[in-house]
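K.L.:
the following block contains a protein sequence and its predicted model.
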Amino acid sequence: MIKYRYKAASASGTYSGTYIAATKDDVVKMIRANKGYPISVEEDDVFVGALGSRQWGISAKDFAILCRQLYAMLSAGVPIIQSLSILKAQIYKKNLRKALDTVYEDVQKGLLLSEAMKRQKLIFPELMINMIEAGEVSGSLDSVLERLSLHYEREAKIEAKVKSAMIYPVILSFVAVCVVVFLLTFVMPTFVSMFESSGVKLPLPTRILMGISSALQHYWYIFLFAVLGLVLGIFQYISTPGGRRRFDALKLAIPVVKDLNQKIISTRFTRTLSTMLASGIPLIQALENIERIIGNKVVAEGIQQVRADVQRGSDLAGPMSRLKCFPMMVSSMVHVGEESGTLDDILKKTAEFYDEEVETDFARVLALFEPILIVVMGVMIGFIVISMALPMFEMGKTI
């Protein structure tokens, strides 16, 4: 599947957006099915994250607040145009506020909310657009917005857990690097002159440390550019389709991280599918939307195969059981839901179960990661201290 950026025209004017499809012809068919005329279709290699939004700075929490406020106003009987007018004045994120201004203008011209949001597909997630469209068709837009707010609140909770779990390791790593650089650039040089004047043969660890210290003092800019180049190179590689796929596959293969990633993907999949089915979106369309927002290319390819099997008449549980990216419990619960006719409710309960599992696993991984970092930091600093102390022992023996 490739992400395409398209520009099209309709009776109400030109609009643009993005669409994930196998070929350009599929994008053209989608535009024509929406009564549009394709102007241009180009490949877009920018990876779509879990929210489906390309704009940095717009988080799940922002969408949760947006949906919650819009739900509160609509359920209180405030007209949609007035609700959008109030809402866009309260949004502080520049990209989101600008998109809401355009949506407000389009709705004033007579477009439905979902149609106006489709013209801002780089900002608003595919899930939000499709669910709002389903709510408009069924006449339950306020209920759909409430489900969306709950969905994004849970997504925001997962994002917050990831960020909070990374704070301590990042700070500890930064402190370790600062301590090592300080010892090599400020402390070590004071010992070098003493070692050189003593005439004592320096041990190998000390000579290695002196070489690193000298290189860091005289060629620090090379180290700086090398680190920056490595980081930028990794990010550039991950931004390509092939690099992103290999990176996503790696996250599903590392022993400790594998289980945590599977559970995060499982809770995102089951919650999103439950929310969409409960809003009246057909299963095939729901799976197609999840492909675009799941946040993992390997899993997206697996869901695409599941969708193809379902289109051929298969149930959902069978193809899912063959995917290694989901725990067996997910397919088993899907089977129970299909048999009982309560798939959306079963998926919701499954998502709640994995929410708790993710929280537990985060604590476990963090508890495992912290001592590893402390040991690594201790080894580095210990090596420096021992390398500086060994020549002093040798000088003491000589005296």
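P.N.:
On my side now, so go ahead. Numbering: from 1, shown residues only.
K.L.:
what is the burial count for residue 114?
P.N.:
19 (other Cβ atoms under 10 Å). Where you see a C-beta, it was placed from the backbone N, CA and C, and this is true even at glycine.
K.L.:
same question for the helix or strand containing it, mean pLDDT?
P.N.:
For residue 114, the element it lies in under DSSP states H and E is helix 113-118. Averaged over helix 113-118, pLDDT sits at 89.
K.L.:
and stretch 356-375, by the same measure?
P.N.:
Summarised as a single mean, pLDDT over stretch 356-375 is 81.
K.L.:
that stretch: how far from the chain's middle?
P.N.:
19 Å (Cα atoms, centre = their mean, to the nearest Å).
K.L.:
and stretch 110-124, by the same measure?
P.N.:
That offset, for stretch 110-124, works out to 23 Å (Cα atoms, centre = their mean).
K.L.:
which residues touch that stretch?
P.N.:
Stretch 110-124 is touched from outside by 12, 15-18, 53-55, 58, 80, 84, 95-96, 99, 102-103, 106-107, 128-130, 132-133, 136, 141, with contacts defined as Cβ atoms under 8 Å, 6 or more residues apart in numbering.
K.L.:
still on that earlier bit, CA atoms only: put the helix holding residue 114 into CSV for me.
P.N.:
Extracted in CSV, the C-alpha atoms of helix 113-118 (Å, rounded to 0.1, in the frame of the first residue of the first chain):
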residue,chain,number,x,y,z
LEU,A,113,-19.1,18.7,8.6
SER,A,114,-17.5,15.5,7.3
GLU,A,115,-17.2,16.9,3.8
ALA,A,116,-15.5,20.0,5.1
MET,A,117,-13.1,17.9,7.2
LYS,A,118,-12.3,15.7,4.1
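K.L.:
what helices or strands is the host helix or strand of residue 216 leaning on?
P.N.:
For residue 216, the host element (DSSP H and E) is helix 204-218. With contacts taken as 3 or more Cβ pairs under 8 Å, 6 or more residues apart in numbering; DSSP states H and E, helix 204-218 sits against helix 188-198, helix 343-398.
K.L.:
where does pLDDT dip in the stretch 51-200 of the chain?
P.N.:
Where the stretch 51-200 of the chain drops to pLDDT under 70, the residues are 51-57, 195-200.
K.L.:
just give me how far stretch 29-41 sits from the chain centre.
P.N.:
Chain-centre distance of stretch 29-41: 29 Å, with Cα atoms, centre = their mean.
K.L.:
understood, closing this out.
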